[in-house]
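Colleague: Got a sequence here, can you model it:
(chains A and B)
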Amino acid sequence: SQTIHQWPATLVQPVGSPLSLECTVEGTSNPNLYWYRQAAGRGLQLLFYSVGIGQISSEVPQNLSASRPQDRQFILSSKKLLLSDSGFYLCAWSPGTGAYEQYFGPGTRLTVT
Amino acid sequence: EDQVTQSPEALRLQEGESSSLNCSYTVSGLRGLFWYRQDPGKGPEFLFTLYSAGEEKEKERLKATLTKKESFLHITAPKPEDSATYLCAVQAGWGAQKLVFGQGTRLTINP
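Modeller: Residues are numbered from 1 along each chain as shown, chains lettered A, B, ... in the order given. Next up is the predicted model:
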């Protein structure tokens, strides 16, 4: 069966500090990978998605970036965090072809102070 | 632009009191509509996929239906453990399977 991991679970960072959130998927090959952000009491905003190693598409212009160094690894980064970057960050995967549903990880709660 | 609107924003029911949640959508070329359940502080849990108008899916006390403009999530005789936020999402067009999410309905079932 497939499993998706995210870490860390919670993170408190000062404004201007760098960020690195990691997501890995087990039990599948060549998945599509996604990063979402969820503000308190709101829906999910798609930030980045990837259909393969090194292939990243950005949905929202901002100070975040994403990378996919391996088939089942997806990393969300920032060089300098802003207060507005606070939120609940979710990684998701879906099969590369055929089925369309996405499966989510446990999330990372980021607070920028 | 593809849009998804869920109503109501919040719903309180007594245990055993059946009701429905609504998801209205505007998309160009619906490929699929998805329902998720999200508990506080956790990632969304996949429930159903609906692909065409008239389709229905059931899981325990939940039944999802789809028309050309909206989807309903019917909850029959709910229990307190059904309390959660329910999210609706649509996939439109062709390409990398991007989903557009609604804001969710926060459901509370009182014992």
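
Colleague: going forward, measure contacts and count neighbours with C-alpha atoms only.
Modeller: Will do.

Colleague: which residue does chain A bring closest to chain B?
Modeller: Chain A approaches chain B most closely through residue A:43 (4.0 Å), counting by CA to the nearest CA.

Colleague: Would you map the strands across chain A?
Modeller: A:3-7, A:10-13, A:19-26, A:32-38, A:44-52, A:55-58, A:64-70, A:73-78, A:87-94, A:103-104, A:108-112 (DSSP state E).

Colleague: how about the residues of chain B near chain A?
Modeller: B:32, B:34, B:41-46, B:49, B:87, B:91, B:96-97, B:99-104 (CA under 8 Å from any CA of the partner chain).

Colleague: Give the bridge partners for residue 19, please.
Modeller: All of this is about chain A. Per DSSP bridges, the residues bridged to residue A:19 are residue A:78.

Colleague: wrong one, I was asking about chain B
Modeller: Counting by DSSP bridges, the residues bridging with residue B:19 are residue B:75.

Colleague: quick one: the spatially closest residue to residue A:77 that is not a sequence neighbour from residue A:64, how far?
Modeller: Among residues not flanking residue A:77 along the chain, residue A:20 sits closest, at 4.5 Å (CA to CA, 6 or more residues apart in numbering or on different chains). Going from residue A:20 to residue A:64 by CA to CA, to the nearest Å gives 10 Å.

Colleague: Between those two, which has more neighbouring residues?
Modeller: Using other CA atoms under 10 Å in any protein chain shown as the criterion, residue A:20 and residue A:64 rank with residue A:64 on top: 19 against 14.

Colleague: isn't that one right next to residue A:75, touching?
Modeller: No - taking contacts as CA atoms under 8 Å, residue A:64 lies outside contact range of residue A:75: 10.5 Å.

Colleague: what about residue A:86, how many residues close to it?
Modeller: Residues lying near residue A:86 (other CA under 10 Å) number 20.

Colleague: What pLDDT does the model give it?
Modeller: On pLDDT, residue A:86 comes in at 93.

Colleague: what sits against it?
Modeller: A:39, A:109, A:110, A:111, A:112 (CA atoms under 8 Å, 6 or more residues apart in numbering or on different chains).

Colleague: just curious, which of those is nearest to residue A:33?
Modeller: Using CA to CA, residue A:109 comes nearest to residue A:33 of the contacts of residue A:86, at 19.1 Å.

Colleague: My guess is residue B:4 contacts residue B:90. True?
Modeller: Yes - counting by CA under 8 Å, residue B:4 touches residue B:90, with 7.4 Å between them.
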